[in-house]
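Q: Next input, structure requested:
(chains A and B)
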Amino acid sequence: MRLALLCALVVLAFVAALALGDQPVPPGEVLGALFGAEGVPAPSRIIVTELRLPRAVTALLVGAALAIAGTIAQAVMRNALADPGIVGVNAGAALAAMVVIVQVGSLPETALPWLTFGGALAMAVLIYAFAWRQGTTGTRIILVGIGLSALAGAGASAISVFGEPAYVQRAMVWLAGSLQDSRWEKLPHLLGWSLPPALLAWAAARELDLIALGDDVARARGQPVNLARALAILACAMLSGAAVAAAGLVAFVGLAAPHIARALTGPRHARLIPAAALVGAALLLTADIAARRTAPPLQLPVGLVTALLGAPFFAFLLWKRRND
Amino acid sequence: MTRTAAYSLGLVLLILLVALWSLATGAAGLSLAEAARALLAPGEGRADAILWQVRLPRVVAALTAGAALGAAGAIMQAVTGNPLAEPGLLGVNAGAAFVVVVALSAFGVTASGALIWCAFGGAGAAAVLVYAMASAGRGGATPIRLVLAGVIVATFLGALTTAILLIDSQTLDAVRFWTAGSLKGRQLAQMLPVLPYAAISLAAALVFARQFTTLSLGGDVARSIGQNPALWRAIAACCVVGLAGSAVSIAGPLGFVGLVVPHMVRLTLGGGYGRILPLSILGGAALTLLADTAPRALLSVDMPAGITLALIGAPFFISLARSHGAVRR
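A: Okay, the predicted model is just below:
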């Protein structure tokens, strides 16, 4: 029931994303254009299907990918404040892409997901390795992640200071988290990189439930703890890499969506993962509408809007957990 | 001679040596002899212009910002009882930088005497916000909550700053190097209005070092020996705002100096803040000047000091985080 409501919400946000813009299109025409009905004026059809649809689909997928990555990260790190953004996995992906954008200038579209995935994975492995000291704790992982993401950030600013200004500007806009460059050609990569890990995570929902309970419990129930965790981190890195390659750095969706979803469906991952994906999709669609419509004709990067939404949300989380 | 005095003397000598090294290196070829001549007997020549208008201001900027941040970090660690406290990590620098960028972009403020007050305001507001967020509720401001709140506020303000810079390319051009923490192109005339505030805050930090030591023992102990912790926390906060605000308006948001230096002092000497503070001031100045000079002199790249400091400081932070189990929560 709640999942159905969430689906309805996503559909609503999706239609709104297609309808709103400098040239508003009435919702009836949006649906007509989508389903190829007769009698839709040609301009409306072009605006909806060629300009806004790829962007809306990208927002949907990126939001879902980030939300699932966040759900996995929170389970593995056993800390509800974890998120691939705060912990620095995204920063690793961004640094890898930044190096190539600024140094090489042009690169084939298919290479970007590989790069960002490599960066995200390297970062996840490093965080885990450095946080390991006869076992690890969620707190230590977060702190080490903050340190490593500062390091990656310093690397990125070093590149931006010495790089070709035009490339740097482009990289900066992209880094700030923007859906502006959403094109149909990019969607297969996004899907290819995010769908398998998302399905894997969903299929392994029970294992994630176990991981979240802690090593000892999981081991007692017969889970190969380290293998499960390694696979979970791999999935998380693939999802983050896919999201970063498609939209740059979009903060806080990975933090907020699992929380909202948990409040709706409870902590079991079999229901939590689809719910989080829907919440993430709705969040990013709405945030992108806000980014496009706040100061037209200027298009703010959507990452900016989510960062602005995220800080108050995070404050609220800290406040809610004040008795811990 | 006490150990403290010996270390202080050593640091002062180090600062003098690095300052000379910094004065003698740069894009324009200038021999050490020429530099020394221009320094000791200022004249009108090319060497004098380079030394007095380009290189010396840069040294002054590094020393002032580093000293201020070292002191600010030491005070924050004392007051919050938190080994990870530092103006960069806790969002204070980001707050100052944000308000300065707003003032530059939206209101066209360019006088550094006015910008310094923007930096103070931003630093203060961010400090209050982070501390309030982290200490809401029963748990209090534990290290992890303070750091998370700081990172969040810094991200939030960073996003706003980026938004302004994306919209306003003129301001972006003006602050591109400043926001990376570069000391390149500082001018004495810009710094002069800020220096008195930095000096007053540094002096206050030194004078109140004993009270900060008492604060670092915790509110109960402080109260039991007759200190008013609320009053002294407020005074400490004013010192931090003065220090971080002046540092940011001179050098941009330099991170990690305030984290690394007080820890190094504490590890080598231990003891109260009467000892940690002066040595952190000297150590912060030395480290920042070194971070500004070494890449330029050794690798001939003009790396912004903020980046070098993050590259040095982040591994240090990670090693502190690794030992988090032993840390007072």
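Q: contacting residues for the nearest residue to A:Arg221 once chain neighbours are set aside?
A: Leaving aside its sequence neighbours, A:Arg221 sits nearest to A:Leu210 (Cβ to Cβ, 6 or more residues apart in numbering or on different chains; 5.9 Å). Bear in mind the C-beta positions are built from the backbone N, C-alpha and C, glycine included. Counting by Cβ atoms under 8 Å, 6 or more residues apart in numbering or on different chains, A:Leu210 touches A:Val217, A:Ala218, A:Arg221, A:Gln223, A:Ala228.
Q: cool, A:Gly192 as well?
A: A:Gly192 sits in contact with A:Pro113, where contact means Cβ under 8 Å, 6+ apart.
Q: Which secondary structure element is home to it?
A: Using DSSP states H and E, A:Gly192 sits in helix A:187-203.
Q: And the helix or strand following that helix, how far out from the chain middle?
A: Using DSSP H and E, the next helix or strand after helix A:187-203 towards the C-terminus is helix A:205-213. Helix A:205-213 sits 21 Å away from the centroid of its parent chain (Cα atoms, centre = their mean, to the nearest Å).
Q: Now do helix A:205-213 against helix A:187-203, angle only.
A: Direction vectors for helix A:205-213 and helix A:187-203, defined by axes from the mean of the first three to the mean of the last three Cα atoms, to 10 degrees, enclose an angle of 70 degrees.
Q: Can I get the helix holding A:Gly192 in PDB? Just the C-alpha atoms.
A: Taking Å, rounded to 0.1, in the frame of the first residue of the first chain, the C-alpha atoms of helix A:187-203 are listed here in PDB:
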ATOM      1  CA  LEU A 187      21.100   6.400 -20.400                       C
ATOM      2  CA  PRO A 188      22.200   2.900 -21.400                       C
ATOM      3  CA  HIS A 189      25.400   3.400 -19.500                       C
ATOM      4  CA  LEU A 190      23.500   4.600 -16.400                       C
ATOM      5  CA  LEU A 191      21.100   1.700 -16.600                       C
ATOM      6  CA  GLY A 192      23.900  -0.900 -17.300                       C
ATOM      7  CA  TRP A 193      25.900   0.300 -14.300                       C
ATOM      8  CA  SER A 194      23.100   0.800 -11.800                       C
ATOM      9  CA  LEU A 195      20.500  -1.900 -12.600                       C
ATOM     10  CA  PRO A 196      22.600  -5.100 -11.900                       C
ATOM     11  CA  PRO A 197      23.900  -3.900  -8.500                       C
ATOM     12  CA  ALA A 198      20.500  -2.600  -7.500                       C
ATOM     13  CA  LEU A 199      18.900  -6.000  -8.400                       C
ATOM     14  CA  LEU A 200      21.800  -7.800  -6.700                       C
ATOM     15  CA  ALA A 201      21.200  -5.800  -3.500                       C
ATOM     16  CA  TRP A 202      17.500  -6.400  -3.600                       C
ATOM     17  CA  ALA A 203      18.000 -10.100  -4.200                       C
END
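Q: Now it: buried residues?
A: For helix A:187-203, the buried set under the neighbour-count rule, 16 or more other Cβ atoms under 10 Å in any protein chain shown, comprises A:His189, A:Leu190, A:Leu191, A:Trp193, A:Ser194, A:Leu195, A:Pro197, A:Ala198, A:Ala201, A:Trp202.
Q: One more: stretch B:154-170?
A: Judged by neighbour count using 16+ other Cβ under 10 Å, the buried positions of stretch B:154-170 are B:154-166, B:168.
Q: Then stretch B:215-233?
A: For stretch B:215-233, using 16+ other Cβ under 10 Å, the buried residues are B:Leu215, B:Ser216, B:Leu217, B:Ala222, B:Gln227, B:Pro229, B:Trp232, B:Arg233.
Q: Name the helix or strand for the nearest residue to the second one once chain neighbours are set aside, please.
A: When you say that, I think you mean B:Ser216. Of all residues not flanking B:Ser216 in the chain, B:Ala78 sits nearest, at 3.9 Å (Cβ to Cβ, 6+ apart). In this structure, B:Ala78 sits in helix B:56-80 according to DSSP H and E.
Q: Get me the contact residues on the stretch 101-250 of chain B for chain A.
A: Within the stretch 101-250 of chain B, the positions lying close to chain A (Cβ under 8 Å from any Cβ of the partner chain) are B:133-134, B:136-139, B:144-145, B:147-149, B:151-153, B:155-156, B:158-160, B:162-163, B:166-167, B:176-177, B:180, B:182.
Q: 7 Å instead?
A: Taking Cβ under 7 Å from any Cβ of the partner chain as the contact definition, the stretch 101-250 of chain B meets chain A at B:133, B:136-139, B:144-145, B:147-149, B:151-153, B:155-156, B:159, B:162-163, B:166-167, B:180.
Q: What is the burial count for residue 280?
A: No chain specified, so I'll use chain A. 33 (other Cβ atoms under 10 Å in any protein chain shown).
Q: Let me rephrase: I mean chain B.
A: For B:Ser280, the neighbour count with other Cβ under 10 Å is 32.
Q: so who does it touch?
A: For B:Ser280, the contact set (Cβ atoms under 7 Å, 6 or more residues apart in numbering or on different chains) comprises B:Gly70, B:Ala71, B:Gly73, B:Ala74, B:Val261, B:Pro262, B:Val265.
Q: what do you get for A:Val62?
A: Counting by Cβ under 7 Å, 6+ apart, A:Val62 makes contact with A:Ala243, A:Ala246, A:Ala247, A:Val250, A:Leu284.
Q: let's go with 10 Å and repeat that
A: Contacts of A:Val62 were listed using Cβ atoms under 10 Å, 6 or more residues apart in numbering or on different chains, and they are A:177, A:179, A:182, A:190, A:194, A:239, A:242-248, A:250, A:253, A:280-281, A:284-285, A:288, A:302.
Q: Chain B versus that one, what's the distance?
A: With the distance defined as Cβ to the nearest Cβ, to the nearest Å, A:Val62 ends up 17 Å from chain B.
Q: what about the chain, any weak spots by pLDDT?
A: Answering for chain A, as no chain was given. Residue ranges of chain A with pLDDT under 70: A:105-107, A:109, A:135-136, A:138, A:321-324.
Q: Oops, wrong one, chain B.
A: Ranges of chain B meeting pLDDT under 70: B:1, B:27-29, B:137-141, B:324-329.
Q: of the contacts of A:Leu210, buried ones?
A: Here, 16+ other Cβ under 10 Å leaves A:Ala218, A:Gln223, A:Ala228 buried among these.
Q: how far does stretch B:145-154 sit from the chain's center?
A: 18 Å.
Q: brain fart, stretch B:71-86
A: Taking the mean of its C-alpha atoms, stretch B:71-86 sits 12 Å from the chain's own mean (Cα atoms, centre = their mean).
Q: Double-check A:Pro253 against A:Leu61; I have them as touching.
A: Not Pro; residue A:253 is Val. No. A:Val253 is beyond contact range of A:Leu61, at 11.9 Å (criterion: Cβ atoms under 10 Å).
Q: overlap in contacts of those two?
A: A:Ala243, A:Gly280, A:Ala281, A:Leu284.
Q: The first one: neighbour count?
A: By that I understand A:Ala243. For A:Ala243, the neighbour count with other Cβ under 10 Å is 36.
Q: Would you mark the buried spots in whichever strand or helix holds it?
A: In the assignment (DSSP H and E), A:Ala243 maps to helix A:225-247. Neighbour-count burial for helix A:225-247, with 16+ other Cβ under 10 Å as criterion, is recorded at A:225, A:228-229, A:231-247.
Q: Restricting to C-alpha, output it in PDB.
A: Below are the C-alpha coordinates for helix A:225-247, written out as PDB (Å, rounded to 0.1, in the frame of the first residue of the first chain):
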ATOM      1  CA  VAL A 225      30.600 -12.000   6.700                       C
ATOM      2  CA  ASN A 226      33.600 -10.600   4.800                       C
ATOM      3  CA  LEU A 227      32.400 -11.900   1.400                       C
ATOM      4  CA  ALA A 228      29.000 -10.400   1.900                       C
ATOM      5  CA  ARG A 229      30.400  -7.100   3.000                       C
ATOM      6  CA  ALA A 230      32.900  -7.000   0.000                       C
ATOM      7  CA  LEU A 231      30.000  -7.600  -2.400                       C
ATOM      8  CA  ALA A 232      27.900  -5.000  -0.700                       C
ATOM      9  CA  ILE A 233      30.700  -2.400  -1.000                       C
ATOM     10  CA  LEU A 234      31.200  -3.400  -4.700                       C
ATOM     11  CA  ALA A 235      27.500  -2.800  -5.400                       C
ATOM     12  CA  CYS A 236      27.600   0.500  -3.500                       C
ATOM     13  CA  ALA A 237      30.600   1.600  -5.500                       C
ATOM     14  CA  MET A 238      29.000   0.700  -8.800                       C
ATOM     15  CA  LEU A 239      25.800   2.600  -8.000                       C
ATOM     16  CA  SER A 240      27.800   5.700  -6.800                       C
ATOM     17  CA  GLY A 241      30.000   5.500  -9.900                       C
ATOM     18  CA  ALA A 242      27.000   5.300 -12.200                       C
ATOM     19  CA  ALA A 243      25.300   8.200 -10.400                       C
ATOM     20  CA  VAL A 244      28.400  10.400 -10.400                       C
ATOM     21  CA  ALA A 245      29.100   9.600 -14.100                       C
ATOM     22  CA  ALA A 246      25.600  10.700 -15.100                       C
ATOM     23  CA  ALA A 247      25.100  13.700 -12.800                       C
END
